[in-house]
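Engineer: this one's sequence-less:
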């Protein structure tokens, strides 16, 4: 078996030597070359054509994000980033993942419980998946779309609808509230308030070249019917067909022949906030599980939803502690709905996406008064993950009074597949992302193979399908 060839990029000769030895000792990889800065990394990627690039974010001449963008434009190659567990490092990592990086690995940090042995194990696992994905030709899915444009911020951004401040660190913690993982104490997630206006898309400039998606729930009813065979039309207009598909276990597949090559979803001018809609009783719920390729997939999905989307969204993205908060903050800047890292005990509201904190399990609990609250706990990993998609999905089984939609997007492994099947059997609408748009076709494939997904859709159709089936 041919060894996978790795380009190692770090401005520290010591780190290049340490990680070079770890990578070659596995027997599956060889070091094709080493580089000390981003410019050299770009040149060697063109010359050596490695299977994978392992790259530090902080480098001279050309930093990791700039080099990543140049590499994905010149010769798309899986890039795994070595990220520091710092505020700047986490923000840059999320930006890099949305700019085309395949995945990231945290640098060794004894204070965070990340020894060299643990980091090397994680790195080798992700190197193998990245190399296999690159040889399968899936990197076009990361390379075809430019990075999302940064959204201007201002001191007035959170002037309205700001929640009550977090209690001081020396106050007693609320009963049942798990400790914040890995140094999150004192940090608070973003709250959406008034925003600067963002540029409106050009006519016809919606995602995938279709007409722009609606900005409010009131406009949802004017959407044209979904194209035949996508699963959306079958669900909205043919309940008998849906029931027959449920009995046979056949998934409603899209007739799309492949992913469409277009620019990243543009962000329409933000409509006025609708707090009344958020405070209305929750009667619908969307649950999403995603892993490798998730930050980019979530960016495309969530930016397409209107501000008054009539359901909360509960999201499990496989990611370490603190990085989920940075992901929520970045998504919150570019979405019309609210996006925040979930907090223990908070009630869920319509038009808000809640991302499970890394290092904790997230479930949904129903109160006697009929409201629904998020429950976080430091429980054991499931399927090797904490947070786990299956843990979230299992908590939704039995809540048949809600119109539930559960979906699995791109990611390795099978986390969430069993939970999705249980939800389908319990009457929920279930969706899996189709193979042609998955960066890693693992979790969705597992769900489809076990008959858990009633609908199989490419990523660029899921937002429109949600709007039609949740509204």
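Structural biologist: Looks like it arrived, so ask away. What you are looking at is a predicted structure, and each value in this text was computed from that prediction instead of being measured.
Engineer: which stretches of the stretch 201-350 of the chain aren't confidently modelled?
Structural biologist: Within the stretch 201-350 of the chain, the ranges that satisfy pLDDT under 70 run 201-279.
Engineer: Do a quick rundown of the strands in the stretch 301-450 of the chain.
Structural biologist: For the stretch 301-450 of the chain, strands defined by DSSP state E, counting those that start in this stretch occupy the ranges 313-317, 338-341, 352-355, 361-366, 372-377, 403-408, 429-433.
Engineer: Which among those strands is found nearest to residue 71?
Structural biologist: The closest of the strands of the stretch 301-450 of the chain to residue 71 is strand 313-317. By CB to CB, the value is 24.1 Å. From N, CA and C alone the C-beta is placed, and that goes for glycine too.
Engineer: Please name every helix or strand in contact with the closest one.
Structural biologist: Packing partners of strand 313-317 (3 or more CB pairs under 8 Å, 6 or more residues apart in numbering; DSSP states H and E): strand 284-290, helix 294-302, strand 352-355, strand 361-366, helix 389-396.
Engineer: Give me the sheet partners of it and which way each runs.
Structural biologist: Strand pairing for strand 313-317, using DSSP bridges, gives strand 284-290 (parallel), strand 352-355 (parallel).
Engineer: contacts for that strand?
Structural biologist: For strand 313-317, contacts defined as CB atoms under 8 Å, 6 or more residues apart in numbering pick out 285-291, 294-295, 298, 302, 324, 327, 337, 342, 348, 352-356, 362, 364, 374, 387-389, 391-392, 416.
Engineer: if we can go back for a sec, switch the strands of the stretch 301-450 of the chain over to a markdown table, and while doing so, append distance to residue 49 and mean neighbour count to every line.
Structural biologist: Putting those into a markdown table (distance: least, CB to CB, whole Å; neighbours: other CB atoms under 10 Å) gives the following:
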| stretch | distance to residue 49 | mean neighbour count |
| --- | --- | --- |
| strand 313-317 | 31 | 28 |
| strand 338-341 | 38 | 24 |
| strand 352-355 | 36 | 24 |
| strand 361-366 | 42 | 20 |
| strand 372-377 | 45 | 18 |
| strand 403-408 | 33 | 25 |
| strand 429-433 | 29 | 28 |
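Engineer: how about the ones you listed, which one is nearest residue 91?
Structural biologist: Judging those by CB to CB, what sits closest to residue 91 is strand 338-341, at 13.9 Å.
Engineer: Mind giving me the packing neighbours of that closest one?
Structural biologist: helix 323-334, strand 352-355.
Engineer: To residue 406, which of the helices and strands packed on strand 313-317 lies closest?
Structural biologist: Distance to residue 406, taken as CB to CB, is lowest for strand 284-290 among these, at 4.5 Å.
Engineer: by how many degrees do that closest one and strand 372-377 diverge?
Structural biologist: Here strand 284-290 points in a direction 30 degrees away from that of strand 372-377 (axes from the mean of the first three to the mean of the last three CA atoms, to 10 degrees).
Engineer: Surely residue 93 and residue 83 touch.
Structural biologist: Yes - with contacts counted by CB atoms under 8 Å, residue 93 reaches residue 83, the gap being 4.3 Å.
Engineer: Need the residues touching each of these two.
Structural biologist: 57, 104.
Engineer: between these two, which one's more packed in?
Structural biologist: residue 93 (30 against 24; other CB atoms under 10 Å).
Engineer: before we move on, the earlier item: distance to residue 9 added to the strands of the stretch 301-450 of the chain, as a markdown table?
Structural biologist: Formatted as a markdown table, the strands of the stretch 301-450 of the chain follow (distance: least, CB to CB, whole Å):
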| stretch | distance to residue 9 |
| --- | --- |
| strand 313-317 | 26 |
| strand 338-341 | 31 |
| strand 352-355 | 30 |
| strand 361-366 | 35 |
| strand 372-377 | 37 |
| strand 403-408 | 33 |
| strand 429-433 | 31 |
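Engineer: which stretch among those comes nearest residue 454?
Structural biologist: Nearest of the strands of the stretch 301-450 of the chain to residue 454, taken as CB to CB: strand 429-433 at 4.9 Å.
Engineer: ok, and what's touching that closest one?
Structural biologist: Against strand 429-433 from outside (CB under 8 Å, 6+ apart): 231, 235, 251, 297, 403-410, 420-421, 423-424, 443-445, 447-448, 452-459, 462, 465, 469.
Engineer: Drop anything exposed from those.
Structural biologist: 231, 235, 251, 297, 403-410, 420-421, 423-424, 443-445, 447-448, 452-459, 462, 465, 469 (16 or more other CB atoms under 10 Å).
Engineer: In helices only, show me these.
Structural biologist: 235, 297, 420-421, 423-424, 443-445, 447-448, 459, 462, 465, 469 (DSSP state H).
Engineer: To residue 134, which of the helices and strands packed on strand 338-341 lies closest?
Structural biologist: Closest to residue 134 of the helices and strands packed on strand 338-341, according to CB to CB: helix 323-334, at 23.4 Å.
Engineer: Now do residue 81 against residue 15, distance only.
Structural biologist: Here the distance between residue 81 and residue 15 works out to 13 Å (CB to CB, to the nearest Å).
Engineer: and what of residue 425?
Structural biologist: 49 Å.
Engineer: can you check residue 117 too?
Structural biologist: 16 Å.
Engineer: So these two - more neighbours on which side?
Structural biologist: Taking other CB under 10 Å, residue 117 and residue 15 do not tie; residue 15 has more neighbours (15 against 9).
Engineer: Which residue is the nearest non-sequential neighbour of the more buried one?
Structural biologist: Closest residue to residue 15 apart from its sequence neighbours, by CB to CB, 6 or more residues apart in numbering: residue 56 at 7.3 Å.
Engineer: how close does the closest residue to residue 438 other than its chain neighbours sit to residue 75?
Structural biologist: Spatial nearest neighbour of residue 438, chain neighbours left out: residue 410 (4.3 Å); criterion: CB to CB, 6+ apart. For residue 410, the distance to residue 75 (CB to CB) stands at 22 Å.
Engineer: thinking residue 361 is in contact with residue 385, fair?
Structural biologist: No - applying CB under 8 Å as the test, residue 361 and residue 385 come out as separate, 9.2 Å apart.
Engineer: Could you pull up the residues touching the residue lying closest to residue 394 once chain neighbours are set aside?
Structural biologist: Nearest residue to residue 394, sequence neighbours excluded (CB to CB, 6+ apart): residue 419, at 5.2 Å. Applying CB under 8 Å, 6+ apart to residue 419 gives the contacts 289, 389-394, 397, 406.
Engineer: how about 6 Å then?
Structural biologist: Counting by CB atoms under 6 Å, 6 or more residues apart in numbering, residue 419 makes contact with 390, 393-394.
Engineer: do residue 51 as well
Structural biologist: 4-5, 131, 134.
Engineer: Check residue 379 too.
Structural biologist: With CB under 6 Å, 6+ apart, residue 379 has these contacts: residue 361.
Engineer: For it, give me phi and psi.
Structural biologist: phi -80, psi 180 (degrees, to the nearest 10).
Engineer: one step back: got CSV for the helices and strands packed on strand 338-341, with distance to residue 21 too?
Structural biologist: Formatted as CSV, the helices and strands packed on strand 338-341 follow (distance: least, CB to CB, whole Å):
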stretch, distance to residue 21
helix 323-334, 27
strand 352-355, 36
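Engineer: Give me the buried entries from the contacts of residue 419.
Structural biologist: 390, 393-394.
Engineer: I'd like those as a markdown table, with distance to residue 121 and pLDDT appended.
Structural biologist: Below are the buried ones among the contacts of residue 419 laid out as a markdown table (distance: CB to CB, whole Å; pLDDT from 0 to 100):
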| residue | distance to residue 121 | pLDDT |
| --- | --- | --- |
| 390 | 23 | 99 |
| 393 | 27 | 99 |
| 394 | 28 | 99 |
